[in-house]
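Student: Here's my sequence, what's the structure:
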Amino acid sequence: MKYALVTGGSRGIGRAIAIKLATELKYPVLVNYSANDEAAMETKKIIEEAGGQCELLKFGVEDQEVAHSVLDTWTGKHPNDIIEVIVNNAGITKDGLFMWMKPEDWSAVLKVSLDGFYNITNHLIQKMLTNRYGRIINIVSVSGVKGTPGQVNYSAAKGALVAATKALAQEVAKRKITVNAVAPGFIKTDMTADMEEKELKKMIPANRFGEAEEVADLVTFLSSKKSSYITGEVININGGIYS
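Tutor: The predicted structure is shown next:
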């Protein structure tokens with residue numbers, strides 16, 4: 001059986017992606033999350049009530065030892081199955097002006113986005129290469145493309161992930177594995193709940209925040225066979241914000 005894995009998949013954009021991969025592409029979805037059991041169970045319930053299949057994998061993507069242990073346990077129970085879609089969505093923000101940024105706020109953000117990408121993708125890519133097919137989608141951000149003041153750490157993490165996307169795409173393209181990045185702008189999620197939407201939307205040509213489902217539609221397309229000639233790309237989904 002072929003599976004899709006979504007990291008940080010219990011809420012927001014991750015949840016929307018997991019639901020669409022399960023219902024539209026019919027993948028049994030592995031939803032990774034680090035802390036919120038209630039949100040993860042809710043995601044699983046939504047997917048199953050829609051006729052999809054979902055398993056929950058609880059671990060922090062930044063902890064290589066634990067991440068590998070959980071994934072190896074899953075692989076041991078599914079020796080003939082393969083994870084052929086990886087969506088690296090897990091990310092955190094620790095915003096603040098760079099001059100006052102604490103070392104732990106710098107490293108925590110890079111560890112989740114960047115080390116998380118390495119810990120998951122590097123561990124699973126060998127089987128993908130052997131299978132000669134795969135889809136890797138990295139959720140980055142407008143911050144990683146144009147930079148955002150007050151988010152030097154987040155911009156650095158996502159910008160590095162953009163570069164990693166382009167490099168890895170060239171390494172694995174011959175094996176029919178595509179690697180792309182999706183860069184959302186302002187999307188209605190828990191992460192943007194405290195933002196001044198009324199003021200911020202004035203700088204967005206589309207004059208609104210995006211919906212998590214709109215990002216999920218794009219990721220679903222990139223996860224499908226229809227996207228086989230698109231690789232190494234960074235696709236902005238931001239309502240027209242300059243990037």
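Student: Only C-alpha atoms from now on, for both contacts and neighbour counts.
Tutor: Fine.
Student: buried stuff in the biggest helix by length in the chain?
Tutor: Longest helix in the chain, counting residues (DSSP state H): helix 152-172. For helix 152-172, the neighbour count (16 or more other Cα atoms under 10 Å) marks 152-162, 164-166, 168-169, 172 as buried.
Student: Give me the distance from it to the chain's centre.
Tutor: From the chain centre to the centre of helix 152-172 is a distance of 13 Å (Cα atoms, centre = their mean, to the nearest Å).
Student: ok, and what's touching that helix?
Tutor: Contact partners of helix 152-172, identified using Cα atoms under 8 Å, 6 or more residues apart in numbering, comprise 92-95, 97-98, 105-106, 109-110, 113-114, 117, 129, 138, 140-141, 143-145, 147-148, 177-181, 231-234.
Student: In helices, which of those residues fall?
Tutor: Using DSSP H, Asp105, Trp106, Val109, Leu110, Phe117, Leu129, Ser143, Gly144, Val145 are the members of the contacts of helix 152-172 that sit in helices.
Student: Could you check the pLDDT of the residue most central in space within the chain?
Tutor: Nearest residue to the geometric centre of the chain (Cα atoms, centre = their mean): Asn89, 1.8 Å. Note on Asn89: pLDDT of 97.
Student: what about it, distance to Gly240?
Tutor: Separation of Asn89 from Gly240 (Cα to Cα, to the nearest Å) stands at 22 Å.
Student: Also Gln64?
Tutor: 37 Å.
Student: Neighbour count for the two, which is higher?
Tutor: Regarding Gln64 and Gly240, a neighbour count based on other Cα atoms under 10 Å identifies Gln64 as having more, with 16 against 13.
Student: Against Arg208, how distant is the closest residue in space to that one that isn't next to it in sequence?
Tutor: In space, and not counting its chain neighbours, Gln64 is closest to Asn119: 5.6 Å by Cα to Cα, 6 or more residues apart in numbering. Asn119 is 35 Å from Arg208, where distance means Cα to Cα.
Student: same deal with Met1?
Tutor: From Met1 over to Arg208 the distance is 40 Å, taken as Cα to Cα.
Student: More neighbours: which of those two?
Tutor: A side-by-side neighbour count of Met1 and Arg208, using other Cα under 10 Å, places Arg208 first with 18 against 11.
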